[in-house]
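Undergrad: I would like the atomic coordinates for the input below:
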Amino acid sequence: GMVAGLLSTTFTTVRPALALIGLEAGCKILSSVFFMLLEREVLVFADCALNPDPTAAQLAEIALGSARLAAQFGLSPRVAMISYSTGASGTGPDVEKVAQATALAREAFPRLPLYGPIQVDAALDPRVAKTKVNRDDDVMGVAGRANVLVFPNLSAANNAYKAVSLSSGAGAIGPVMHGLAKPVNDVSRGAIVSEIVDTILATCCQARFAKQANALSPGIAELFEARGA
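TA: Numbers count the residues shown, from 1 in each chain. Modelled structure (predicted):
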């Protein structure tokens with residue numbers, strides 16, 4: 001694995017990594033997450049660093065890759081596809097994109113707990129979820145219990161992680177990239193020593209996962225079984 005970026009931009013870290021290492025088999029897009037270390041839980045925010053305006057297909061790939069990474073780090077992923085609309089409460093191109101991405105992700109991995117479109121309050125607060133989400137549409141119980149939040153674009157994701165970190169004092173580890181054949185991660189040019197150490201540790205974990213044939217426990221691994229498998 002490799003950690004870079006303290007003296008360079010994210011672009012100058014990512015470009016040679018894509019050219020020399022390439023994407024892992026079966027992966028169509030490189031994306032990233034931040035692990036948000038809250039007082040009582042860990043949340044995963046995606047994609048906070050790389051893809052400015054992903055298509056529906058790319059957003060589905062980001063969701064699935066982020067869920068798998070969360071699972072490798074010990075979380076049982078419950079994925080919320082974030083939008084300004086919950087279910088069919090609102091309309092617009094961005095809502096439609098998230099709805100399409102949700103359908104594509106569900107088609108690929110029907111056992112993975114995933115729901116969208118959904119607003120952040122309904123994704124995280126059980127009380128709000130009861131009033132906004134039709135339980136018949138959320139049979140896996142993601143609403144109110146989500147721990148992987150996939151935002152519709154880079155602007156929303158990047159500002160969300162910064163707002164949470166600054167307002168709550170939560171730690172933020174990332175961006176942790178996924179999708180490369182070997183782990184490469186980027187640190188901010190303003191990173192402090194503890195943030196660099198966290199990124200190095202995350203990269204070491206990713207390298208270890210890559211060498212393990214069964215990096216996921218059986219109960220979690222079955223969530224990522226493709227339709228018809």
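
Undergrad: pull the longest helix from the chain.
TA: For the chain, the helix with the greatest residue count under DSSP state H is helix 193-211.

Undergrad: which elements pack onto that helix?
TA: Using 3 or more CB pairs under 8 Å, 6 or more residues apart in numbering; DSSP states H and E, the elements in contact with helix 193-211 are strand 2-4, helix 56-72, strand 171-178, strand 184-186. C-betas here are computed from N, CA, C, even on glycine.

Undergrad: who touches it?
TA: By CB atoms under 8 Å, 6 or more residues apart in numbering, the residues outside helix 193-211 that reach it are 1-3, 6, 35, 72-73, 171, 173-174, 176, 178, 182-185, 187-188, 191, 215.

Undergrad: filter these down to the buried ones.
TA: For these, a burial check counting by 16 or more other CB atoms under 10 Å picks out 1-3, 35, 72-73, 173-174, 176, 178, 183-185, 187, 191, 215.

Undergrad: next, count neighbours for residue 200.
TA: Neighbourhood size, residue 200 [other CB atoms under 10 Å]: 15.

Undergrad: any stretches of this protein with poor pLDDT?
TA: Flagging of the chain using pLDDT under 70 yields the residue ranges 213-229.

Undergrad: which parts of it are helices?
TA: Under DSSP H, the chain gives helices at 10-20, 56-72, 93-108, 120-124, 126-132, 154-168, 193-211, 218-221.

Undergrad: most tightly surrounded among those?
TA: Comparing the helices of the chain by mean neighbour count (mean count of other CB atoms under 10 Å), helix 56-72 ranks first with a mean of 24.

Undergrad: now that helix against strand 171-178, angle please.
TA: With axes from the mean of the first three to the mean of the last three CA atoms, to 10 degrees applied, the angle from helix 56-72 to strand 171-178 works out at 120 degrees.

Undergrad: how about the CA coordinates for helix 56-72, as CSV?
TA: C-alpha atoms of helix 56-72 as CSV (Å, rounded to 0.1, in the frame of the first residue of the first chain):
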residue,chain,number,x,y,z
ALA,A,56,-26.8,6.7,-11.5
ALA,A,57,-24.7,3.7,-12.5
GLN,A,58,-21.6,5.2,-10.9
LEU,A,59,-23.5,6.1,-7.8
ALA,A,60,-24.6,2.5,-7.5
GLU,A,61,-21.0,1.3,-7.8
ILE,A,62,-20.0,3.9,-5.1
ALA,A,63,-22.6,2.6,-2.8
LEU,A,64,-21.7,-1.1,-3.2
GLY,A,65,-17.9,-0.4,-2.9
SER,A,66,-18.5,1.7,0.2
ALA,A,67,-20.6,-0.9,1.8
ARG,A,68,-18.0,-3.6,1.1
LEU,A,69,-15.3,-1.4,2.6
ALA,A,70,-17.4,-0.7,5.7
ALA,A,71,-17.9,-4.4,6.1
GLN,A,72,-14.2,-5.1,5.8
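
Undergrad: which neighbouring elements make contact with that helix?
TA: Against helix 56-72 (3+ CB pairs under 8 Å, 6+ apart) you get strand 31-37, strand 42-46, strand 79-82, helix 93-108, strand 148-150, strand 171-178, helix 193-211.
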